[in-house]
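Peer 1: Fold the stuff below for me.
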Amino acid sequence: MDTTPENPHDPFGHPATLMTTQLVIAGVLGISAFLTFCVLRTQWADLYAARTVHHKDLPPLPKSFFGWIPALYKIKEEQILEHAGLDAFVFLGFFSMAIKLLAVCAFFAIAVISPIRLHFTGDYDQDSALGIFLKPQMSLIKVVIPSEKATKSDDDYNYDDYDRYLWSYVAFVYIFTFLTAYFLLRQTHHIVRVRQSYLGNQSSITDRTIRLSGVPPELRNEEALKDHVESLGIGHVQSVTICRNWKELDVLMNRRRNMLNMVERAWTEYLGDDGSKRSARAVPLVSSLPQSPPIPLGTDDSSAPLLSVASAAVLPNNIINGLRTQGRRRPIIRTGFLGLFGNVVDKIDYYTAKLEKLDQEIKMARHKEYKPTPAAFVTMDSVASAQMAAQAVLDPQVFRLIAHNAPAPHDVIWPNLYMSRFERFCRSWIITTIIALISVLLLFPVGSLATFLNPTTISKFWPALGRAISNSNVLSTLVTGFLPTLIFTVFNVSIPFIYNALASRQGYISHGDVELSVVGKNFFYIFFNLFLVFTIAGTASNIWALLKDTTRIAYRLALSLKQLSLFYIDLIILQGIGMIPFRLLEFGVVAKYPFLKIFSRTPRDYYNLYKPPTFNYGFFLPQPILILIICLCYSCLSTKLLCFGLVYFILGFFTFKYQLLYSMIHPQHSTGKSWPMIFYRICIGVLIFQLTMAGSLALQKAYYLAGLLSPLPFATLALMWNFYDHYMPLSYFIALRSIRQQQHQRNGSRTIDEERERNQVYVNPNLVCPLDEPWIADTLGRPINVHYN
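Peer 2: From the prediction side, this is the model:
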């Protein structure tokens with residue numbers, strides 16, 4: 001190829017070189033991360049095997065360098081369900097289904113589609129790139145299946161011959177569509193069966209509780225609401241919690257947490273932080289949502305210390321009352337504005353007095369009467385009664401006594417419960433508008449990303465870089481091959497944090513609802529902005545042209561997918577081979593550890609620093625769904641992409657399986673409700689696949705063949721409707737037939753849901769949680785009980 005400035009070096013003209021470079025970069029990143037993990041897995045067990053501290057019955061893994069891999073592979077679905085719960089079971093089941101689907105599609109692509117295309121066109125893939133792995137076999141393939149294009153001269157070649165091999169596209173669009181539907185329905189049956197059996201055989205407080213909204217004023221007390229629900233004939237009520245406007249108490253508790261931190265920091269400033277590190281590491285790690293046994297309301301025994309008195313050392317008098325101990329002076333502070341003005345006082349005594357005053361205010365606030373809200377939690381005496389109530393219409397008037405399945409007690413976001421319906425409605429629409437504006441604003445940087453894929457375009461916007469690219473094959477490959485996929489990855493990693501912050505302020509009732517909302521928002525972003533806009537429009541200037549003439553979308557989608565096949569291959573290589581192993585290392589947690597440690601002073605700070613990271617499906621689920629959609633769109637066009645997609649899901653399955661079982665926690669409780677979101681989004685991908693193939697056939701003048709695909713979108717929509725009509729209720733509720741009788745008397749161990757919900761009740765934690773004393777440690781790390789009040 002001519003590499004003059006007028007026609008700069010184009011790496012896409014040498015796809016093998018581009019793919020080799022990407023494989024080398026991704027391979028070095030991935031292999032180094034994997035080997036590092038194998039070394040550190042046993043050395044840093046507090047980080048990479050954090051769940052084994054409290055889950056002693058987890059399947060053991062060998063401590064050998066690679067021996068843990070076969071042991072991890074042998075862990076069965078039943079063990080995943082037992083130790084990680086339904087959400088992990090559904091998530092890993094999606095990966096398992098994707099592996100099976102892509103394996104079958106890759107087999108047909110390698111054995112049938114590509115040889116047919118090679119015979120008629122001389123190209124193994126639609127992108128005219130054979131790939132580095134198939135070069136040695138190319139001569140053999142051409143001998144066995146001689147290319148008609150190769151045996152004809154350019155003058156004799158008739159492009160009508162394309163119609164003959166394009167029939168295979170039509171056949172395999174049907175085959176792959178029905179294969180996808182088969183695996184989706186098969187996995188749906190499996191998830192529904194396991195979910196109904198799992199939830200029907202347990203009796204946690206969550207399963208026996210419903211959440212009522214729209215409670216009328218005359219029923220906003222516990223006795224009246226209990227009598228009314230029992231009068232409906234759906235069962236006996238065990239307990240009722242009317243949600244009240246506890247905002248005043250919430251504010252006091254937040255102020256107390258901040259003041260407690262100030263007291264602990266003042267003591268640490270006096271005693272030093274050497275003991276803080278030892279004390280924090282001596283306490284076992286627990287969930288990021290600490291659970292306390294319920295304390296009866298109306299008692300004053302609500303100031304139990306975080307550490308038991310028996311295990312706490314007594315603070316020597318020369319430290320409590322003296323101004324000097326071992327050469328240290330007690331810290332001082334000015335009581336005026338920002339600590340710059342006012343009287344000089346002892347910092348420990350000053351903050352301790354404030355903490356004591358807050359404790360008195362909280363004890364008084366806990367005994368006050370608060371205005372009831374239209375929300376309530378009603379715990380029934382059986383799971384069957386709760387499920388009948390949740391699926392029934394309880395009141396003939398609209399917006400009154402609307403029943404929902406209750407979130408787990410530790411999963412409830414209490415301040416959002418006593419938020420008015422109007423405020424929640426406004427918050428929802430404001431956040432939705434903000435997200436829409438962000439998506440529109442991101443159209444331009446995402447569209448501009450396509451500029452880096454074309455050396456000619458780079459030369460127009462940045463002549464100096466264009467000249468440098470034209471003179472260097474390595475620089476050209478890095479800039480146009482590796483850099484766009486890296487920027488794509490950075491966008492994909494950073495934006496979900498913004499969506500997570502916005503969703504948490506949208507007024508959802510539980511952390512599980514926030515997580516599912518982030519899944520939807522994040523998928524919309526990567527699917528719409530990073531896939532459709534990037535693929536169809538290419539550049540921001542083309543967006544408006546396509547909106548004016550929507551009939552060109554199918555053509556543009558087919559043309560762009562053909563041009564961007566190498567980009568998506570590089571993206572999957574980088575994400576799968578390069579970045580997936582980095583998830584094992586939990587690189588983000590390790591990278592921010594030194595920065596967080598700088599600001600850690602007290603034992604409580606170090607305790608929080610050593611907590612295991614939280615697995616958030618809103619961050620980890622949308623990208624694999626998009627990767628599967630991309631693989632489906634290219635299933636008839638690029639065998640290489642299918643194969644690398646298969647590698648991505650295999651590596652991802654093992655990585656996430658290890659993290660969910662051994663190294664990360666997931667305190668949310670959504671009982672596998674992410675599967676309907678996965679199902680519908682894959683179906684949308686199938687529709688895009690069908691539209692793409694219709695456009696591809698039309699681009700090659702095979703209009704009749706494109707028309708033959710017209711029934712498929714209707715079949716896909718029928719599949720979506722079938723799921724909505726028949727499987728959606730089973731994905732949200734427990735069928736009465738699935739509920740076992742006398743569940744509370746059954747033998748055997750508790751499920752993971754029952755275990756973490758043991759002793760929990762539907763009460764605002766700020767009403768009953770212990771008022772922790774300052775967590776202070778001496779130089780040896782022994783806890784010190786101050787007894788400040």
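Peer 1: mind listing what the residue positioned nearest the centre of the chain touches?
Peer 2: Most central in the chain under Cα atoms, centre = their mean is Tyr617, positioned 2.0 Å from the mean C-alpha point. The neighbourhood of Tyr617, defined by Cβ atoms under 8 Å, 6 or more residues apart in numbering, consists of Asp87, Phe91, Glu515, Leu516, Val518, Val519, His666, Ser674. No exception for glycine: its C-beta is placed from N, CA and C like everyone else's.
Peer 1: Met720 too?
Peer 2: For Met720, the contacting residues are Phe679, Tyr680, Cys683, by Cβ under 8 Å, 6+ apart.
Peer 1: State which helix of this protein is the longest.
Peer 2: Scanning the chain for the longest helix, with DSSP state H as the assignment, gives helix 162-200.
Peer 1: what helices or strands is it leaning on?
Peer 2: Here helix 162-200 touches helix 77-84, helix 86-108, helix 114-121, helix 674-699, helix 703-707, helix 711-722, helix 728-732, going by 3 or more Cβ pairs under 8 Å, 6 or more residues apart in numbering; DSSP states H and E.
Peer 1: From Arg193, how far off is Gly85?
Peer 2: In this view, Gly85 and Arg193 are 17 Å apart by Cβ to Cβ, to the nearest Å.
Peer 1: Counting neighbours, go ahead and name the busier of those two.
Peer 2: Each of Gly85 and Arg193 has its neighbours counted (other Cβ atoms under 10 Å); Gly85 has more, 22 against 12.
Peer 1: what sits against that one?
Peer 2: If you count contacts by Cβ under 8 Å, 6+ apart, Gly85 has them with His666, His669, Ile752, Asp753.
Peer 1: So Leu661 sits against Leu58, correct?
Peer 2: Yes. Counting by Cβ atoms under 8 Å, Leu661 touches Leu58, with 6.5 Å between them.
Peer 1: higher neighbour count, these two?
Peer 2: Leu661 (23 against 17).
Peer 1: returning to what we had before: I'd like the contacts of Tyr617 written out as TSV, with neighbour count added.
Peer 2: Output for those, formatted as TSV (neighbours: other Cβ atoms under 10 Å):
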residue	neighbour count
Asp87	22
Phe91	26
Glu515	27
Leu516	22
Val518	24
Val519	26
His666	21
Ser674	23
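Peer 1: Just send those back as CSV, with pLDDT and distance to Phe183 too.
Peer 2: Putting these into CSV (pLDDT from 0 to 100; distance: Cβ to Cβ, whole Å) gives the following:
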residue, pLDDT, distance to Phe183
Asp87, 92, 20
Phe91, 96, 16
Glu515, 92, 25
Leu516, 92, 23
Val518, 92, 26
Val519, 93, 21
His666, 85, 25
Ser674, 92, 17
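Peer 1: Give me the below-cutoff pLDDT ranges for the stretch 401-550 of the chain.
Peer 2: Scanning the stretch 401-550 of the chain with the threshold set as pLDDT under 70 gives 446-462, 465-466, 469, 472-474, 477-482, 534-550.
Peer 1: Show me the strands in it, by range?
Peer 2: Remark: strands assigned in the stretch 401-550 of the chain by DSSP state E, counting those that start in this stretch are 402-405.
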